[in-house]
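1. compute the structure for the input listed below.
(2 chains)
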Protein chains: 2
Amino acid sequence: MKIEKPKVAIQGIRASFHEEAAIRYFGENIETIECNSFKQTFESLKKREADYVVMAIENSIAGSILPNYTLLLDYGFPVVGEIYLPIQLHLMALPGVKFEDIKYVTSHPIALRQCVDFFDEYPHLKIVESSDTAACAKRIRDEQLTDTVAVANALAAQLYGLDVLERRIESNKRNFTRFLIMTQHDNVEKKPANKASLCFQVSNKVGALAKVLNIFAEEGVNMSKIQSMPILGKRNEYNFYVDIEWDEQKQYDTSIRQILKYTHNFNILGEYERHDDEPSSTPKPHRAERSIRKYINIRRNA
Amino acid sequence: MKIEKPKVAIQGIRASFHEEAAIRYFGENIETIECNSFKQTFESLKKREADYVVMAIENSIAGSILPNYTLLLDYGFPVVGEIYLPIQLHLMALPGVKFEDIKYVTSHPIALRQCVDFFDEYPHLKIVESSDTAACAKRIRDEQLTDTVAVANALAAQLYGLDVLERRIESNKRNFTRFLIMTQHDNVEKKPANKASLCFQVSNKVGALAKVLNIFAEEGVNMSKIQSMPILGKRNEYNFYVDIEWDEQKQYDTSIRQILKYTHNFNILGEYERHDDEPSSTPKPHRAERSIRKYINIRRNA
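-> Numbering: from 1, shown residues only, chains lettered A, B, ... in the order given. Model (predicted):
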C-alpha cells in the first residue's frame, strides 16, 4: 500500500525542523498535523488521525531525547524509518528590516545556545525564548514586529515570508538531528531493513552486556548506538537502547536468536532501512569573519 | 587540606536544585557562587573564584546532559565526587494565598512537565515558563505575586519565605538527578576512589567495544553507565562515556592498563568515591487521592 498524501503528525508547527524532516523523508506532498507535544503525536496516530509520526530521537550536541524512547515503548508503534537532518540556523526578519534596527532575538533556547558565538558579538540584543523556532518566525509575521529577528530554518523564512539577514549562524556546522518515523499501518510499502533499534535488559552480573556485544561482533553486526538508562527505583538495573546495522538478514536473525538467551524484557522498537545521508559540511568562510564583514557593511550603510 | 567554608559555583541561583545538591555534599557551611551558565561555573573555577563546581550530569527521566560532558573534556578539571538528589517538587505561594485564587503557575519547563498529571486536574491554571525553579519562587516573593504559584524544591520555599500548598506533585516519585563535583585543588582531602568516569574511542571495527567490556568483566569491574556519542562530522566514530565501579584498586589498575591497547583518545574524567545513597521512595498516599482531598478541602473552606 502506498499512501498518496500521507498525514504526518509532528510536535510543533509547520516549517519547524520536524516538518523539514518529514518533507525530506516523504517529499513535499504531505499533510502536516501540528501537535503540542510528542505524546499528542502518538495519540493522533492511535486515533488514526495521522498515518505517520515523525519524531526527533537524538541530536549530535544535545544527545538522546530519552522521554521519546519511553513513548516508543509505551505506545508500541514500530519505527519504520529514520532520517538525519543538518541543523542549519538562519537569522530572519520582516522584509525591509535592517540589522541595526533590531532589539530582540527570539527562538527556542537550544537553538539560541547553538548560536552563542554569533550573539556574543552583539551584546545589545535582548534574548526572548520561545518553545518553537518556527513559531517565532510566525509571530514576527503575524504581529509585524520590526524590531525582532528570529533564529529558525530556511523553511520558516519561506513559509512566513521573512528575509534571511544572515545564513548559518550556528556555532557548530556539523550538528544534526536524527528523526524516527512511526506508523501503525502494517502494510505500508517498505524497503528491506538493514538496521534495527532494540531495547533490553541484561542480568546485573558483571560482564552480561559484554556477552551480548560479543554475539553481535561474532556475527559481524555493527552497533551504531548504545545507551544505558537506569530503571527508575531499581539499583544497578538498566535498560539498554541499542541500534545495530547489518549487511545480510542472516547476520541479524542469528544474533537476535542468540542474545535472547542473555536478555530479558527484550523489545524490537523497529526494523528499517538505514539512512546514510549524514550531513556533509559545506565549505564556507569562517563564521566570525563573515559576521564581522556583515557588521562592517551594516555600519557603513547606517 | 580541608577548606573551612568552600566556595561552590553552581548554575542558577540560591535554593536551586544545584544548591541543594551542593549542601547535601558539603554541608550547610558553603558560600554559593551563582552563575548564569554551566560554562561560567567552570570559568569561575579556572579564575580560582570558586573552590568547587557542582554540576548536573544526568537525570533518570531526561537522561544525560551531554554538553556538560563536553565542558568536562574542554576544561579538564577532575571529577572528585558525585551525589544523587531526589527531585521532589512542591507547589508554593506567598503566605496567606489560597489555591483557589491562583491563576498562574511558574517554573522551569522540565519541572512543569514532570508535574503534568497534577496540572491536568486544574486546566484553568496558566503556565508561565522560566529558566530556573528557584528564580520563580524568588520572583513571587520579590514582586509579591498573590495570583501565582511556583513549582520548586523545599529549599526555595524556605529561603524565599513561601508556604507549600501541596507537597510532592511530581508524577514520578523515583526521579533523581546525579551531580558531579569538580575542583582544581590537587590536594583536597579525598576518600579512596571506587568509581571512575572515562571517555574514550575504540577503532570502528565491529566488536572493538565488546573487547573493552570483556576486559572489565574479566577483572570483575562493574560498568554502571555506558553511552555512545557520535563524533561530529565523523561517520561511524564514537566517543564512549563509561562509568565503572570496583571493590579493589587492583581490579581498576589492571583493567585500565589492558583497555588502553584497544582505545584511543582515552581520558579519565575523574576517580572518586561512589555515592550509594540513591533516593528511596517514601510511602505516601497516592498523589491523585491527595490532590482531590486537598481540592475538596479548599472548596469547603472557600
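
2. secondary structure element for the closest residue to residue A:171 other than its chain neighbours?
-> In space, and not counting its chain neighbours, residue A:171 is closest to residue A:117: 4.4 Å by C-beta to C-beta, 6 or more residues apart in numbering or on different chains. Any C-beta I mention is one placed from the backbone N, CA and C, and that applies to glycine too. Assigned by DSSP states H and E, residue A:117 falls within helix A:116-120.

3. coming back round to it: the residue nearest to residue A:171 and chain B, how far apart?
-> 12 Å (C-beta to the nearest C-beta, to the nearest Å).

4. that residue and residue A:203, how far apart?
-> 47 Å (C-beta to C-beta, to the nearest Å).

5. same check, this time on residue A:104
-> Computed as C-beta to C-beta, the residue A:104 to residue A:203 distance reads 55 Å.

6. can you check residue A:170 too?
-> From residue A:170 to residue A:203 the distance is 43 Å (C-beta to C-beta).

7. out of these two, which sits in the busier spot?
-> residue A:170 (22 against 13; other C-beta atoms under 10 Å in any protein chain shown).

8. who are the contact partners of the residue lying closest to the more buried one once chain neighbours are set aside?
-> Nearest residue to residue A:170 in three dimensions, chain neighbours excluded: residue A:89, at 4.4 Å (C-beta to C-beta, 6+ apart). Neighbouring residues of residue A:89 by C-beta atoms under 8 Å, 6 or more residues apart in numbering or on different chains: A:107, A:111, A:114-115, A:133, A:151-153, A:168-170.

9. ok, residue A:21 next?
-> Residues in contact with residue A:21 (C-beta under 8 Å, 6+ apart) are A:54, A:56, A:83, A:85, A:177, A:179.

10. pLDDT score assigned to it?
-> Note on residue A:21: pLDDT of 97.

11. could you do residue A:59 as well?
-> The model's pLDDT for residue A:59 equals 87.

12. ditto for residue A:165
-> 96.

13. buried sites along the helix or strand hosting it?
-> Here residue A:165, judged by DSSP H and E, is contained in strand A:163-166. Across strand A:163-166, burial judged by 16 or more other C-beta atoms under 10 Å in any protein chain shown covers A:164-166.

14. wait, which of these is closest to chain B?
-> Nearest to chain B among the buried residues of strand A:163-166 is residue A:166, at 22.0 Å by C-beta to the nearest C-beta.

15. excluding its backbone neighbours, what's nearest that closest one?
-> residue A:91 (4.2 Å).

16. got the contact list for that neighbour?
-> Applying C-beta under 8 Å, 6+ apart, we find residue A:91 in contact with A:105, A:118, A:149-151, A:164-167, A:169.

17. what pairs with it across the strands?
-> residue A:151, residue A:166 (DSSP bridges).

18. same deal with residue A:107?
-> On the basis of DSSP bridges, residue A:107 is bridged to residue A:129.

19. that one touches residue A:136, doesn't it?
-> Yes - here residue A:107 reaches residue A:136: they are 5.2 Å apart, a contact under C-beta atoms under 8 Å.

20. list residues touching both of these two?
-> Counting by C-beta under 8 Å, 6+ apart, the shared contacts of residue A:107 and residue A:136 are A:130, A:150-152.

21. which single one of the residues you listed is nearest to chain B?
-> Distances from chain B to the shared contacts of residue A:107 and residue A:136, taken by C-beta to the nearest C-beta, are shortest for residue A:130, at 9.4 Å.

22. what sits against the closest residue in space to residue A:219 that isn't next to it in sequence?
-> Among residues not flanking residue A:219 along the chain, residue A:255 sits closest, at 4.1 Å (C-beta to C-beta, 6+ apart). Residue A:255 makes contact with A:215-216, A:218-219, A:221, A:244 under the criterion C-beta under 8 Å, 6+ apart.

23. mind telling me what element residue A:255 is part of?
-> Using DSSP H and E, residue A:255 falls in helix A:249-259.

24. which parts of that helix are buried?
-> Buried-residue list, helix A:249-259, by 16+ other C-beta under 10 Å: A:251-252, A:254-256, A:258-259.

25. go on, stretch A:142-151?
-> For stretch A:142-151, the neighbour count (16+ other C-beta under 10 Å) marks A:145, A:148-151 as buried.
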